[in-house]
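Engineer: quick one, what's the 3D model for this:
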Amino acid sequence: MTSHFLLGIDTGGTYTDAVLFDEHKGVVAKAKSLTTRHDLAVGIAGAVDAVIARASVPVSAISLVSLSTTLATNALVEGQGGRAGLVMIGFSPDDLKRDGLAQALGSDPVIFLPGGHDVHGTERPLDLGPLEEALPALAQTVSSFAVAGYFAVRNPAHEIRVRERIRDISHLPVTCSHELSSKLGGPRRALTTLLNARLVSMIDRLVGACERFLETAGVSAPMMVVRGDGALISAAEAKLRPIETILSGPAASLVGARYLTGLDDAVVSDIGGTTTDVAVLEGGRPRLDADGAFVGGHRTMVEAVAMRTYGLGGDSEVRIDCRGLNATFELGPRRFLPLSLIAANHPETVIANLERQRRATHLGRHDGRFAVRTGVPDHLASGLSPQAQALFERIGSLPLPLDQLLTATSQKAVLDGLVARGLVHIAGLTPSDAMHALGRQNQWNAEAARLGLAVAARMKDGSARPIASSPEELAQKIVDRLTRQSADVILTACLAEDGVGEIDPVKSVSVGRALRRAPGIVRFAVSLDRPLVGLGASAPAYYPAVADMLSAESVIPGEADVANAVGAVVGQVRASATVFVTMPEDGIYILNGAGETLRTTDEAAGFALARDRAVRAAIEQARLNGADDPVVTIDEQIDAPDVEGNRKLVEARFVATASGRPRIASA
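Structural biologist: Below is the predicted model:
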C-alpha cells in the first residue's frame, strides 16, 4: 500500500519552510530556504526539493499541498501593497472619515458613484458616469480595484455591475466588498476591500509561484492555503480573497503549536523576521477575534484568530536614540535586511563599504545602511513621481550604500515611499546581526554583522561617550532590548485577553520593576498562569530569556522552526454563509444573502427558505474551498421584540458553517 504524504509550506518574510507530514507518523522531514522576494518560486523550490530529498519519497506520494504565509500580514504591518483604486457606491466623502478608511486610503484614488441599496435590499439609481470618465486614465496608475456599495451585503447587484464594467475596460483584478464579509458597517467593509485589492498581486505571485514549481516538479496534488482563522481554502479562492490570508502564518502556527505540544492552555508567541505574533490557547482551541483581525493599525472584517501582531522580529530595524545622557534602543516596526544576510549574497560590496565607513574620520547619518531593489515585476512600479522614479532607477540589484545614494535630505522621504510600495529593501543593523556577532546564530556572514555593529558603536550619547565599548557589548544591548520588548508585547496581549488592556507594560513603573526584578522594600512580581510556547527559527535563542523574565515555563517544541508548515497540513476546511430575513412592513418578509433578493408573506416559509439557502451556500463554498465531505451546523439569531403586545421582526440571521478535511489526490 502506497503511503500518502502531506506537504506543508510556509513562506515567511525571511525563510520559506517545508515539511513532509504523515498522518500516522507526524513530521517525516523538514527543510528551510531563504524567501526570495524577486522570485518566490526559487525559495519554495529550495525548501521543497530539500525536504523531498531528505525524506527520500517520490513526488507521486504527495497527496496534498498546503501553504501558509506571513507575506500579507507583513505587508499590512509595514504599510506595503500595490496601488488600488477604490470605488464607493452610495457613500459620501464624509464616510472616508470613519473606521480609519481615509488613513488607509492615503494617496490612492477614490471614485464616488450615486447608487447603493437600503437595509431591505431596495436599490437606488446607479450612475456609472463618473466611473466611465475616470477609468481609462486610472487603469494606467493602479494595479487593482476595490468596490464597496451601500448595503451591498443585502443586495450586491450594483457592486457586480461596477465590477464587470471595470474588468471590461481595465482588465485588472477587482474585489467587491460583499465577497469578503456579510457584516454591516460600510466604511470598515470598504477598508477591508481596499486592503484586499492591494494584496491581490502579492498573493497571486506567491500562489502562482508555488503552483508553477509544483507543476514543474511533477506534484499534481490539490493545493490549499491557510486562512487567518486557521481553516484551509483552495489556492484559487485564496487568490480571489487574499485578505483572508492575513494572519495565515500565525494561525497556522497556533494549529501547529497545539499539535506539537499537546497543550490545551498556553500563551503562544511566534517570532519571525518581521513580526511577533501572540495568542492564547484555551481548552485546546485558539480564541477568534469577534471584531475582526486587527493588523497594521487597521481593524478589518476578516474573521481570524485573536492574534496580536507586533512589528518586532529578528530582522527589526535597530533604532538608537542618542539625545539623552545614555543611549536608548528601540526595535521595529520596520523590517530591514540584516547586514549579515545581504553580505552572504554580496560579501565584497557590503564589507568593503562597511570597512570604508568604519575607518572614516566622521560617522555619517546613513552609515551602515544599504538599499537594494526587491525584484518585483516592473509594472508594479507604475505611478511613481518623477523624483521617486529617478531614485528608483539609481537603485539596482546590488546593495548601494545610503551615504552614496542620498544626496539631499528630501530624498529620505522619497526612499521611504519606495520601501512602502514594496519596491526597495533597506539593509541595516538588526537583532539577527547581534546574534551573529555573539556567536548564537551562524547561518549568514558574521563579519558583516560585526562591522555593522562597529560602525554603529561609534555613535555618541549626550555625554559624548561612545554608546558601546565594543561590537559585542552593543550586540548584547540589542539582544537585551529584544528580550524586554518581547516580554512587553506578550504581557500587552495577555492583559488585553484578561480585560485589563488599560495597563501598558511599557509605561507601567510597577511592571517595569517586576520585569527587572528591581530590589526594594516593596518587591513587584509578574508571571503567566500557563506555559509560554516559543515558536520560530530563532525561538530557542531568544525565548528562554523571555520566559525567565515573565516567570513562566518555557516550552519550545522540537519542530518550533516549522510549526507554521505543520499547522498548514493538519487543519480543516471551513466555510460559512449568512442569510438575513427582515420585515420592512407588517406581513412582508424580505430574504437577502447567498443569492437573489426574495419577498414572501409567510414568516415560517421565509425562515425555512433562509435556512436551506444558507446550508446549500455553505456546502457549496466549502467544496469550492477544497473540502471533501463537509458537515454543516447552523446558528440562528432572531431579533423579534414585542412592541405594545405585537411581535415585530427586526432581523433574523441564519449562519451555516460547513467544515471537513481537504480532499486529497487519489493514489
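Engineer: so what touches the helix or strand of the chain with the lowest mean pLDDT?
Structural biologist: The weakest-scoring helix or strand in the chain, judged by mean pLDDT, DSSP states H and E, is strand 294-295 (a mean of 72). Strand 294-295 is touched from outside by 73, 76, 77, 246, 247, 300, 308, 309, with contacts defined as Cβ atoms under 8 Å, 6 or more residues apart in numbering. (C-beta placed from N, C-alpha, C; glycine too.)
Engineer: quick one: mean pLDDT for whatever helix or strand the last one lives in?
Structural biologist: In other words, residue 309. Assigned by DSSP states H and E, residue 309 belongs to strand 308-310. Here strand 308-310 scores 84 as its mean pLDDT.
Engineer: ok, the residue nearest the centre of the chain to residue 45 distance?
Structural biologist: Using Cα atoms, centre = their mean, the residue of the chain that lies closest to the mean C-alpha position is residue 73, 1.3 Å off. From residue 73 across to residue 45, the span is 23 Å (Cβ to Cβ, to the nearest Å).
Engineer: sort the contacts of strand 294-295 by pLDDT and name the bottom one.
Structural biologist: residue 77 (70).
Engineer: mind checking how far the residue lying closest to it once chain neighbours are set aside is from residue 482?
Structural biologist: Spatial nearest neighbour of residue 77, chain neighbours left out: residue 296 (4.6 Å); criterion: Cβ to Cβ, 6 or more residues apart in numbering. To residue 482, residue 296 is 21 Å away according to Cβ to Cβ.
Engineer: okay, those two: which has more neighbours?
Structural biologist: Neighbours were counted for residue 296 and for residue 482 using other Cβ atoms under 10 Å; residue 482 has more, 28 against 22.
Engineer: what's the spacing between that one and residue 278?
Structural biologist: 15 Å.
Engineer: so which residues of the stretch 401-550 of the chain form strands?
Structural biologist: 424-428, 532-535 (DSSP state E, counting those that start in this stretch).
Engineer: in TSV: these, plus mean neighbour count.
Structural biologist: Shown next, in TSV, are these (neighbours: other Cβ atoms under 10 Å):
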stretch	mean neighbour count
strand 424-428	23
strand 532-535	28
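Engineer: turn the ones you listed into a markdown table, including distance to residue 373 and mean pLDDT.
Structural biologist: As requested, those are exported to a markdown table (distance: least, Cβ to Cβ, whole Å; pLDDT from 0 to 100):
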| stretch | distance to residue 373 | mean pLDDT |
| --- | --- | --- |
| strand 424-428 | 6 | 95 |
| strand 532-535 | 31 | 96 |
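Engineer: of these, which approaches residue 221 most closely?
Structural biologist: strand 532-535 (26.1 Å; Cβ to Cβ).
Engineer: other SSEs contacting that closest one?
Structural biologist: helix 248-261, strand 266-271, helix 539-549, strand 554-555 (3 or more Cβ pairs under 8 Å, 6 or more residues apart in numbering; DSSP states H and E).
Engineer: what angle do the first one and strand 266-271 make?
Structural biologist: On the basis of axes from the mean of the first three to the mean of the last three Cα atoms, to 10 degrees, helix 248-261 is oriented at 130 degrees to strand 266-271.
Engineer: rewinding a little: so which of the helices and strands packed on strand 532-535 comes closest to residue 204?
Structural biologist: helix 248-261 (14.7 Å).
Engineer: my read: residue 304 touches residue 243, true?
Structural biologist: No. Residue 304 lies out of contact with residue 243 (Cβ atoms under 8 Å); the separation is 10.0 Å.
Engineer: pLDDT weak spots in the stretch 551-667 of the chain?
Structural biologist: 663-667 (pLDDT under 70).
Engineer: thanks a lot, see you next time.
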